[in-house]
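Asker: next comes the sequence, and after it the predicted model I'd like to discuss.
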Amino acid sequence: MGKPHVVTLRVTRDRDLDALFAFGQHEEAVRMAAFTAPDPTDRATFDARWRRLLADPGVDARTVRADGEIVGSVARWFDDDVAEITYWIDPAHWGEGIATRAMRLFLDVMPDRPVRARVAADNAGSIAVLEKLGFRRAGSAMSFANARGTEIEELVYRLA
């Protein structure tokens, strides 16, 4: 790990989408995330999805910055009246502690509890982040992963 970064969050803006789209093109990141759009390279679908998210008052989407540079995103929405979170960090910044710090900042201002997160069972990095933040495994299911073209085990984590 290099020098510590100053990690900040801000409400996601339209002008952030070029960077967020670019991060979503990294082959290994897409494989690890597993539960992605059917075609992560489809910019029109990406933009339409983000327009819906940014217009939805039930979604809280933030852009993650490290030392002023856009490096990812975090978001919260509701599924069956339970808050659910996700994050995506530029693979060029994996292993730098940015995901953990960004999620901690996000959770600190998010009053919703419990919070649920889902992760591919073999995504050790994301599992480690969730567990550092106090999430505990609450279940699992077999789910179709677009990025892998098959069903895989998806773990469900919960923060009380």
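Answerer: Okay, I see it.
Asker: tell me the SS of the residue nearest the centre of the chain?
Answerer: Centroid check for the chain by CA atoms, centre = their mean gives residue 87 as the closest residue, at 1.5 Å. Classification of residue 87 using DSSP: H, G, I helix; E, B strand; the rest coil returns strand.
Asker: so it touches residue 73, yeah?
Answerer: Yes - with contact defined as CB atoms under 8 Å, residue 87 reaches residue 73; the gap is 6.7 Å. In this view, the C-beta of every residue, glycine as well, is placed from N, C-alpha and C.
Asker: shared neighbours, these two?
Answerer: Taking CB atoms under 8 Å, 6 or more residues apart in numbering as the contact rule, residue 87 and residue 73 both touch residue 64.
Asker: just checking, residue 90 touches residue 65?
Answerer: No - using CB under 8 Å, residue 90 makes no contact with residue 65, being 10.9 Å away.
Asker: what helix or strand is the closest residue to residue 150 other than its chain neighbours located in?
Answerer: Distances taken as CB to CB, 6 or more residues apart in numbering place residue 144 nearest to residue 150, at 7.3 Å, with adjacent residues excluded. If you go by DSSP states H and E, residue 144 is part of strand 136-145.
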